[in-house]
Each structure stands twice: as structure tokens, then as C-alpha cells.
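**Q** how would this look folded up:
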Amino acid sequence: MRQTRDRGKAEDLLQQTMLQIHCSRSRFLRGADVTPWAFAIARRLLIDSIRRRKRESEASDLLSSLDPLMEPASDELLHSKRVAQTLERQLSMLPAAQRTTFEMIKQEGLSLREAARAMGTTVNAVKLRAHRAYVAPAILNRRGSEAVAAD
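**A** Down below sits the predicted model:
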């Protein structure tokens, strides 16, 4: 308690010390005094916890100083917007049932069972619609390239 100046930390260190003593009891020399051995374990655990807190504090400071640098660059935002527009365009080409299924599962995070209940259909029907929605962009792109090749 004197070293940590925090009752919660002191209790945690005491518990860790007792656990370490229990785990290391096979290495204890019979007939030796237990107190110095127990205090040595407690001291090492205290030093480790101080070092860990210092590292965590330094890492936290570093991350907070990097926050302005962590903002996405304008080209990344532009790329994200283009991907979102492409996704919206592809989704708009899907039949309504497939589009709704895709949105419920991938965008809203519903399970297959939840989506089936919401749509008033079976889980197998939702699986089929989701699969068709997943493969539809590849089919649509293939059809587009075939049409260009035919011209």
C-alpha cells in the first residue's frame, strides 16, 4: 500500500503475488524463510506493473500526438466515395429481394434467421438471395464486357 498509494492496485499486486507464490512453490527451498522469498516476488511484480503503466502512458501520449496525422488523406476519401458509389450502382441493378437481403445482412448486420423473419421468408430463401446478390456483380460485369465485345 505504501508503494502503490492505491488500495485497488495494492490488492491486485497482493493477489498476483499469492498466485505467483503458489505457481512457484516447487522451486522454494525447504526450510528457507518464506518472507524474503514472498517479498522478492512482490517487489518484482510491483516493478513490472510500474514499467507497464509507464509504457502504456507513453503509448497513449504517442497516439494522442499522432491523432492529426491519423486523419485520412483526401485521396483516400475520394477513393472511399468512389467505392461507395460503385457499390450503390451495383446494388441498384439487383432485384429488390436480393438488394434488401444484401442490405439486411451486410449493412445492418442481421443474421440469416433475423433477416428471414424480417422478410417473412425462410432461412434457405435468404441464403439463396444473398448468394445471388454476391455473385450478381460478377455476372453483370461479364455481360457488360460480352456486350462490348459483340459491338
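**Q** tell me the SS of the residue positioned nearest the centre of the chain?
**A** When Cα atoms, centre = their mean is applied to the chain, the residue found nearest the centroid is residue 109 (15.1 Å). Taken by DSSP: H, G, I helix; E, B strand; the rest coil, the conformation at residue 109 corresponds to coil.
**Q** switch to numbering from 594
**A** In the new numbering, first residue 594, that becomes residue 702.
**Q** ok, now how distant is it from residue 680?
**A** Per Cβ to Cβ, to the nearest Å, residue 702 is found 16 Å from residue 680. For the C-beta atoms, the positions are set from N, CA and C on the backbone; glycine is no exception.
**Q** likewise for residue 608?
**A** According to Cβ to Cβ, residue 608 stands 51 Å off from residue 680.
**Q** over to residue 725?
**A** To residue 680, residue 725 is 16 Å away according to Cβ to Cβ.
**Q** buried set for stretch 605-624?
**A** Neighbour counts using 16 or more other Cβ atoms under 10 Å place 606, 609, 610 of stretch 605-624 among the buried residues.
**Q** any chance of JSON lines for those residues, columns pLDDT, secondary structure and distance to residue 641?
**A** As requested, the buried residues of stretch 605-624 are exported to JSON lines (pLDDT from 0 to 100; DSSP: H, G, I helix; E, B strand; the rest coil; distance: Cβ to Cβ, whole Å):
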{"residue": "606", "pLDDT": "87", "secondary structure": "helix", "distance to residue 641": "10"}
{"residue": "609", "pLDDT": "89", "secondary structure": "helix", "distance to residue 641": "9"}
{"residue": "610", "pLDDT": "88", "secondary structure": "helix", "distance to residue 641": "11"}
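**Q** surely residue 602 touches residue 643?
**A** No. Applying Cβ atoms under 8 Å, one finds residue 602 not in contact with residue 643, separated by 9.9 Å.
**Q** residue ranges for the helices of this structure, please.
**A** 600-616, 627-659, 667-686, 689-695, 705-712, 716-743 (DSSP state H).
**Q** cool, thanks, signing off.
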